[in-house]
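J.: the sequence and its predicted three-dimensional model are supplied below.
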There are 2 protein chains.
Amino acid sequence: MRVEREKRTIIEPKVLKGFRDFLPSMEIPKKAIVSKLEEHFSLYGFVPIDTPVLEYTEVLLGKGGGETDKQIFHFLDNGNRDVALRFDLTVPFARFLAQHQNELAFPFKRFHIDKVWRGENPQKGRFREFTQCDFDIVGVDSAEADYEILAMMESSFEVIGVTDFTFCIAHRGLFNAFLDHLGVADQSVQILRIVDKLKKIGTEEVLSLLVACTGTQEKANEILKYIAVEDEGESFLTTLERLTVLSGGENEHTTRMQTIYGYLRDAGIDGHFRLDPSITRGLDYYTGIVYETFLTELPHFGSVCSGGRYNDLASLYTKEQLPGVGSSIGLDRLLSALEELDSPLIKKASSADLIIFCVDETLRSYYDTLARTFRSAGIRTDVYLLNKKMGAQFKYAEANHIPYGLSCAPDEQNSGKVTLKNLQNREVHQMISIEEGISIIKKELL
Amino acid sequence: MRVEREKRTIIEPKVLKGFRDFLPSMEIPKKAIVSKLEEHFSLYGFVPIDTPVLEYTEVLLGKGGGETDKQIFHFLDNGNRDVALRFDLTVPFARFLAQHQNELAFPFKRFHIDKVWRGENPQKGRFREFTQCDFDIVGVDSAEADYEILAMMESSFEVIGVTDFTFCIAHRGLFNAFLDHLGVADQSVQILRIVDKLKKIGTEEVLSLLVACTGTQEKANEILKYIAVEDEGESFLTTLERLTVLSGGENEHTTRMQTIYGYLRDAGIDGHFRLDPSITRGLDYYTGIVYETFLTELPHFGSVCSGGRYNDLASLYTKEQLPGVGSSIGLDRLLSALEELDSPLIKKASSADLIIFCVDETLRSYYDTLARTFRSAGIRTDVYLLNKKMGAQFKYAEANHIPYGLSCAPDEQNSGKVTLKNLQNREVHQMISIEEGISIIKKELL
């Protein structure tokens, strides 16, 4: 594809509002996190899929369309098709499941980490192009699947070095049973949207909205009693007992929650989970557990990972019922959080572990041989490509945060020796063998 | 973001023409190749960057626009901006360099592996959404940088298990020197486009086009003599000598080629490189070496990796001159090639290494503990989530190509033993310890 290059007018190099470049200092940690997550999901037997960035608008929005339209990048393509950029990874996944259900083995455990686009007004930490990380188990409605998603979620955070977090869980089925018991099941959709605002607008505002919705102060109070967590330290099972009583006694949902909790406790990870009945998640399609994730040190960041159980994800595209449970990590938000937490994951953005300085231009081929040897040992090795003074070479190494420098003059080459310098603490190892160089770097870096 | 779910009309689940889903059987090997390449590029000190999928159309196309327009997905966004999906990774990289040149350390070595979109008519093996893998060194014009790109390219193919390939190299500066010597430098742009078609339309057609272009049979013959490779076995240096004579003797370009060849030979990789003066690459911006890559067993696939040296990539966006050299691997085409070559890389698409069967529902927590132990040892471990008969469980394992199955009944649990089955050769290890299980799998799989 050719680009008109004859015009010499300079075009201002800029990106669209709400979009951004990732320079290596940010892209290196982002890739590191993604690859840790992918490896981790694979350890659980989850598999990756990919779907097109562009889809029929009707497929993404349903025949209704509606309010979300404005937030979506959509247009007519050259074939006059109404097409749109995906705005999440869930809707394409539902379409994918309906389309390929006969090619897949269920329970189907998949992950998908990629970009989505929304035309909303950019705010601090919010972009029009951002990366989601979704993982789901489809084809099974059980406490075991619910637990597996929660457990993998928990270990995912550990794997990327985030240790101070809380998963707030609730159960949508239990909440509905409670509303039913209270005699306001008909208003459940409106009620759960009001309740969802609790953390944003506060108790009083929620209460007055609930009164308006249910028609009585008494029922509004009762709902508030259900969702309010008065004692943050209340144990999972105590909260569950309280909710069970409010819902009129044990039912399949309270049993499910007990079973899930049992698995969390047996695995020794229940400390990270809190039963928080104010969590509802706005979306209609959740039917079982729902959850949000908060970083203890950065509560203002909001939830960095959310999801829940749905019993009919692909109903827009197939009559086959496909129950599932899944989560979505907002990767860019998590990245911003790690930056704010001064995480070592973000700081270690060196372009290489070692740079081979160019001390003598005639030794180029030998420098290349040295580089190959270090690379074979798994050491990321850059060769300085210009023939500049050492000052410029050190500056290049510093700008790229390369921790080791190696130089080799003709007399050293003759004796098979090199000089290795730790560029951070300035320690110099003179006239050492290549093997010694490798072992010093490996020992100190790993 | 909410999707209208009330409508119960089924929408046909389908993707756009020229677009496709990647099921795990294809996405697993694709991800494996991408991650091998990324790791390999990192070993050379190359760093990743990312740019937006959507850019100002003017930024991508230049003020001219022109013929490429039709192949580009572009539209007016909600803010009435003319925006387009990127059609390659080179133009956004040029914009990126101009925009961030003061934040980067040169020589800047970057890679970028991601999707691009072109609205051309889909053919076999050609899609409207496809993945490119680009790597470049910017900020240095030298034989050392040229060599480094070629060497990294060569080892990239080795790393992904492709061993039977040839890099066909030519030098655009040398070709221009030859045309100058022949007195047809003014027609160089037209001539190189004609020559570029040699492999497609054949010698005779090219000759008649050259006669029409240069005006004389003699000059056309001379050009054909330059580009023709009569003896496929002719050595690199012999061809170079021949071209040197035809160009009127040694010049900076012949020297550059000699130096590059010296490095390739010193590294012992010259066997993969052939000097092929018929390679020109259509694009105007190349000024030095240009190359294409062919798979020996699949010549009809065309080039799976191409590129060259340019001396002014970002001239559309900055007055700063930024020379560079780079390559682009067509990842989807390479993937199709590997499929056709029956590469083991494509076949090994198992979702996990081990599945823990559900023999007794009351042992769920213990199965989870076992799974965690195997995962800690780096073994990808799936737990069967349903309570179905063994036949269904084996079927699930088979559909997912999982090579090992583990079962554990209550009496085994009591003695800390398990039964491991190799699901491919049916070998069964009864009543073994967990450690034995781990070491069997690790030994046989790795």
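T.: Now that the structure is in, tell me what you want to look at. Numbers count the residues shown, from 1 in each chain, chains lettered A, B, ... in the order given.
J.: residues of the stretch 101-250 of chain A that sit close to chain B?
T.: A:103-105, A:107, A:109-110, A:115, A:117-119, A:129, A:137, A:140, A:142, A:144-145, A:147-148, A:151 (C-beta under 8 Å from any C-beta of the partner chain). C-betas here are computed from N, CA, C, even on glycine.
J.: filter these down to the buried ones, PyMOL style.
T.: A single PyMOL command selects the buried members of these (16 or more other C-beta atoms under 10 Å in any protein chain shown):
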select buried, chain A and resi 104+105+107+109+110+115+117+118+119+129+137+140+142+144+145+147+148+151
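J.: take the residues of the stretch 101-250 of chain A next to chain B and keep only those in strands.
T.: Those of these mapping onto strands are A:K109, A:R110, A:K115, A:W117, A:E129, A:I137, per DSSP state E.
J.: mind putting the residues you listed into CSV with distance to B:L237 and pLDDT?
T.: Formatted as CSV, those follow (distance: C-beta to C-beta, whole Å; pLDDT from 0 to 100):
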residue, distance to B:L237, pLDDT
A:K109, 56, 98
A:R110, 53, 98
A:K115, 48, 98
A:W117, 52, 96
A:E129, 50, 96
A:I137, 61, 98
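J.: and which of these is nearest chain B?
T.: Nearest to chain B, judged by C-beta to the nearest C-beta, of those is A:E129 at 5.5 Å.
J.: ok, which stretches of the stretch 151-300 of chain A are helices?
T.: In the stretch 151-300 of chain A, the helices defined using DSSP state H, counting those that start in this stretch lie at A:172-182, A:188-195, A:198-214, A:217-227, A:236-246, A:252-266.
J.: got a list of contacts for the fourth one?
T.: This means helix A:217-227. Identification of contacts with helix A:217-227 by C-beta atoms under 8 Å, 6 or more residues apart in numbering or on different chains yields A:175, A:178-179, A:182-184, A:191, A:195, A:198, A:203, A:206-207, A:210-211, A:213-214, A:243, A:246, A:277-278.
J.: cool, the second one as well?
T.: Contact with helix A:188-195 is made by A:172, A:175-176, A:179, A:184, A:206, A:209-210, A:213-214, A:223, A:227, A:278, A:280, A:282, A:284, as judged by C-beta under 8 Å, 6+ apart.
J.: which of those residues lies closest to B:A392?
T.: Distance ranking of the contacts of helix A:188-195 against B:A392, using C-beta to C-beta, places A:R172 first at 29.5 Å.
J.: how deep is the closest one tucked in, by neighbour count?
T.: Number of residues near A:R172 (other C-beta atoms under 10 Å in any protein chain shown) recorded here: 24.
J.: again with A:L322
T.: 22.
J.: if I pick it, what's in contact with it?
T.: A:L97, A:A98, A:Q101, A:V138, A:G139, A:D312, A:L313, A:A314.
J.: which of the residues you listed are buried, as a PyMOL select command?
T.: To isolate the buried ones among the contacts of A:L322 in PyMOL, judged by 16+ other C-beta under 10 Å, type:
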select buried, chain A and resi 97+98+101+138+139+312+313+314
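J.: which of the contacts of A:L322 fall in strands?
T.: A:V138.
J.: need the strands for the stretch 1-150 of chain A, in chain order.
T.: Secondary structure of the stretch 1-150 of chain A, counting by DSSP state E, counting those that start in this stretch: strands at A:47-48, A:54-56, A:74-76, A:82-85, A:108-117, A:129-138.
J.: if I pick the closest residue to chain B within the stretch 151-300 of chain A, what's in contact with it?
T.: Evaluated by C-beta to the nearest C-beta, the stretch 151-300 of chain A has A:D266 as its residue closest to chain B, separated by 3.9 Å. Residues in contact with A:D266 (C-beta under 8 Å, 6+ apart) are B:S365, B:D368, B:T369.
J.: what's the helix or strand that contains A:A371 packed up against?
T.: Element membership of A:A371 [criterion: DSSP states H and E] is helix A:364-376. With contacts taken as 3 or more C-beta pairs under 8 Å, 6 or more residues apart in numbering or on different chains; DSSP states H and E, helix A:364-376 sits against strand A:354-356, strand A:381-383, helix A:434-445, helix B:143-159, helix B:252-266.
J.: give the buried residues for the helix or strand following the second one.
T.: Looking back up the chat, that one is strand A:381-383. Later in the chain than strand A:381-383, the nearest helix or strand by DSSP H and E is helix A:390-399. By 16+ other C-beta under 10 Å, the buried positions in helix A:390-399 come out as A:Q393, A:F394, A:Y396, A:A397.
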